[in-house]
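**Student:** coords below, sequence missing:
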Ligand code: FEO
Ligand code: CA
Ligand code: CA
Ligand code: CA
């Protein structure tokens, strides 16, 4: 996202580290483990070999160097028929959405669509009020899940679509743009954030529509919420001037084994600001990047809720994983504090030995990867007791020899003692980042989405890009293209405290970086969204910053607009599936259970870009006019429905 959409595009705020610890960076570790050639030129084959070999032999993953020698060098064929059956699409930088031959895309629910069919219709001049916006889809669609209504075929044709609205672009949200901040504008911006829960159904002709629903609702920036776990709602650090409400900057997500949705709070620090020149962040606030301007939204000018100098404890209410019940409109959303307070990109869950396991990235340069493990099998919990309130939070350390360790963030263990200034478990969780610094976690290049392979439980994580502060020995310093790592937990048990890791794929354009093992057909940059379908096809979505997208000086001109690709994790084969319109990122993907319908989110088309300029109140269409192409309209984020014209399985 762009920090302040009213000004020229800048790098993502998460590109700037706020980690002052001396913990060794991931780049250092990679550099030590592999020579530049091994790591980069042969990295993918080595990575594929290392985990695949372990699987084939039924052993723990082999030592990567040795595995590389034994691994097949080809791409495809191994492990049976390729998972990828579509004809790849080419890169482009046009203002259009492209999908493979034999596929069609339908725009389903753009920003402003009323949650109920009889709700307030969206106005193309953005004159909708805050009250109207609260009954419409929010802005900047992000993580998403489809919850079927009914079993079998029935559930493949009707369900609740739940999706996040990560942030707002105030130059497109308001008729008069971001200037002159008012209470009404703050309320509208809050109403355009959070989570939309809408009911959708397939029509006789195969297309989809939003339908009326007793379950449809919004959980936005001013909806009542509560807290649970080691930092309960009545904790002194959560007592702000206003009641507990709202969730913000919900990026990726998760789904629990019991069918609830987890919205995750990412760049929540950037909503706060102050005009008080005497205010200085505490050490804990600075570690989360709280400062006096944030995104530059300037909400604090019209609402004391967002004045960090006046209402500092409001900031303690953000940075959590939020559990939402999509089937129960009376349910109050709960912030599950046992999962820690970070800039949560998402929380992908799996199950091992009956316990729930949640993997989480903290998306900022030099921050960490976390895992929550439930204390006992989740089915053992009774009503009123959540498996997400009772477990251990760990942070990852990646060692030079390809091993990894999950370090517990538990009060009284290791350095997290009273003698070192820690008060209790609530204190550890409120200051999760500092606790992770203390135990020696490995700083990473902006951890984004995680995904668990349904076939073998390997865990994949996108590291979108980074400054590569790993020193001269670092193979990619800086790392403008990002990469995808993966690991296998010891004994294939996702509750384990040890793992073996390797790099699945280094992203980039081989024309600019000859160490990149990709071609024009497969190249991509800044991987972000990541999702496994039921066949273990890995879907990769990109979020190249608009400060770099389509620019030769950034090595990003040939890669073009942001895209979605599919990978076969057994062979490393990659094909580009979809390319988005100008200024957008691709984020959020899910299919119906039969895999015949796919939902994908196109986020922030038309946002301020270095390549094409910035939208203004006079010309909101300066960069893009997707998807309406109305000469008097404006670009809108939207969920797109993708189907095969022959009705077949997506991607196959
Ligand atoms: Fe909201 Fe880290 O992307
Ligand atoms: Ca983004
Ligand atoms: Ca993201
Ligand atoms: Ca991103």
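**Tutor:** Thanks, I have it. The structure displayed is predicted, hence computed values, not measured ones. Residues are numbered from 1 along each chain as shown. Ligands and ions are numbered 1, 2, ... in the order given.
**Student:** which residues touch whichever residue of the stretch 351-500 of the chain sits closest to ligand 3?
**Tutor:** Among all residues of the stretch 351-500 of the chain, residue 448 sits closest to ligand 3, at 5.0 Å; criterion: CB to the ion. The C-beta positions use only the backbone N, C-alpha and C, and glycine is treated the same way. For residue 448, the contacting residues are 252, 345-346, 361, 363, 461-464, 527-530, 543, by CB atoms under 8 Å, 6 or more residues apart in numbering.
**Student:** wait, is residue 286 part of a helix?
**Tutor:** Yes: assessed by DSSP: H, G, I helix; E, B strand; the rest coil, residue 286 belongs to a helix.
**Student:** interface residues of the stretch 101-250 of the chain facing ligand 4?
**Tutor:** Contacts of the stretch 101-250 of the chain with ligand 4, taken as CB under 5 Å from the ion, are absent.
**Student:** so what's the residue in the stretch 151-300 of the chain that ligand 2 sits nearest to closest to, chain neighbours aside?
**Tutor:** Using CB to the ion, the single residue of the stretch 151-300 of the chain nearest to ligand 2 is residue 166, 7.6 Å away. Leaving aside its chain neighbours, residue 166 sits nearest to residue 142 (4.2 Å; criterion: CB to CB, 6 or more residues apart in numbering).
**Student:** Quick check: that neighbour vs residue 92, distance?
**Tutor:** 23 Å (CB to CB, to the nearest Å).
**Student:** So between these two, which is more surrounded?
**Tutor:** residue 142 (31 against 15; other CB atoms under 10 Å).
**Student:** could you list every residue that touches the residue of the stretch 151-300 of the chain found nearest ligand 4?
**Tutor:** Residue nearest to ligand 4 within the stretch 151-300 of the chain: residue 251 (7.6 Å; CB to the ion). Taking CB under 8 Å, 6+ apart, we find residue 251 in contact with 142-143, 164, 166, 264, 266, 344-346, 363, 587.
**Student:** Now it. Its backbone dihedrals?
**Tutor:** Torsion angles at residue 251 (phi, psi; degrees, to the nearest 10) stand at phi -100, psi -100.
**Student:** I'd like to know how far it sits from residue 371.
**Tutor:** 18 Å.
**Student:** Next: residue 515.
**Tutor:** Relative to residue 371, and taking CB to CB, residue 515 is found at 30 Å.
**Student:** out of the two, which sits in the more crowded spot?
**Tutor:** More neighbours surround residue 371 than the other of residue 515 and residue 371, with 25 against 16 (other CB under 10 Å).
**Student:** Counting neighbours, what do you get for the residue of the stretch 551-652 of the chain found nearest ligand 1?
**Tutor:** At 7.4 Å from ligand 1, residue 587 is the closest residue in the stretch 551-652 of the chain, using CB to the nearest ligand atom. Using other CB under 10 Å, residue 587 has 30 neighbouring residues.
**Student:** And for residue 226?
**Tutor:** 13.
**Student:** Strands - which of the contacts of residue 251 land there?
**Tutor:** 142-143, 164, 264, 587 (DSSP state E).
**Student:** For the residue most central in space within the chain, what are phi and psi?
**Tutor:** In the chain, the centroid-proximal residue (CA atoms, centre = their mean) is residue 252; its distance is 3.3 Å. With angles defined as degrees, to the nearest 10, residue 252 sits at phi -80, psi -170.
**Student:** what's residue 132 sitting at in phi/psi?
**Tutor:** Residue torsions, per degrees, to the nearest 10, at residue 132 are phi -70, psi -40.
**Student:** so it sits right up against residue 120, yeah?
**Tutor:** Yes: between residue 132 and residue 120 there is a contact under CB atoms under 8 Å: 4.1 Å.
**Student:** give me the low-pLDDT residue ranges for this protein?
**Tutor:** 1-13, 24-79, 468-475 (pLDDT under 70).
**Student:** Helices of that one, start to end?
**Tutor:** Here the chain has its helices, by DSSP state H, at 26-33, 36, 43-57, 64-70, 130-133, 152-155, 170-173, 183-191, 283-287, 425-430, 432-439.
**Student:** Next, the distance between the ends of stretch 529-546.
**Tutor:** 17 Å (CA to CA, to the nearest Å).
**Student:** start the count at 25, not 1, going forward
**Tutor:** Let's use 25 as the start, then, which means that last one is stretch 553-570.
**Student:** How about it and ligand 2, any contact?
**Tutor:** Yes: using CB under 5 Å from the ion, stretch 553-570 reaches ligand 2 at residue 567.
**Student:** For that stretch, which residues meet the burial criterion?
**Tutor:** Residues of stretch 553-570 classed as buried: 553-557, 560-570 (neighbour count, 16 or more other CB atoms under 10 Å).
**Student:** That one vs ligand 3: in contact?
**Tutor:** No: for stretch 553-570, no contact with ligand 3 is found by CB under 5 Å from the ion; the gap never falls below 5.6 Å.
**Student:** which parts of this structure sit against ligand 1?
**Tutor:** 190, 275, 290, 369, 387, 472, 552 (CB under 6 Å from any ligand atom).
**Student:** change it to 8 Å
**Tutor:** 25, 36, 38, 166, 190-191, 273, 275-276, 290-291, 367, 369, 385, 387, 470, 472, 488, 552, 567, 611 (CB under 8 Å from any ligand atom).
**Student:** ok, the residue in the chain that ligand 4 sits nearest to - contacts?
**Tutor:** Of all residues in the chain, residue 567 sits closest to ligand 4, at 3.7 Å by CB to the ion. Taking CB under 8 Å, 6+ apart, we find residue 567 in contact with 472, 488, 550-553, 586, 609-611.
**Student:** cutoff 7 Å now
**Tutor:** 488, 550, 552, 586, 609, 611 (CB atoms under 7 Å, 6 or more residues apart in numbering).
**Student:** May I see the ChimeraX selection of the buried members of those residues?
**Tutor:** Entered in ChimeraX, the line below selects the buried ones among those, by 16+ other CB under 10 Å:
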select :488,550,552,586,609,611
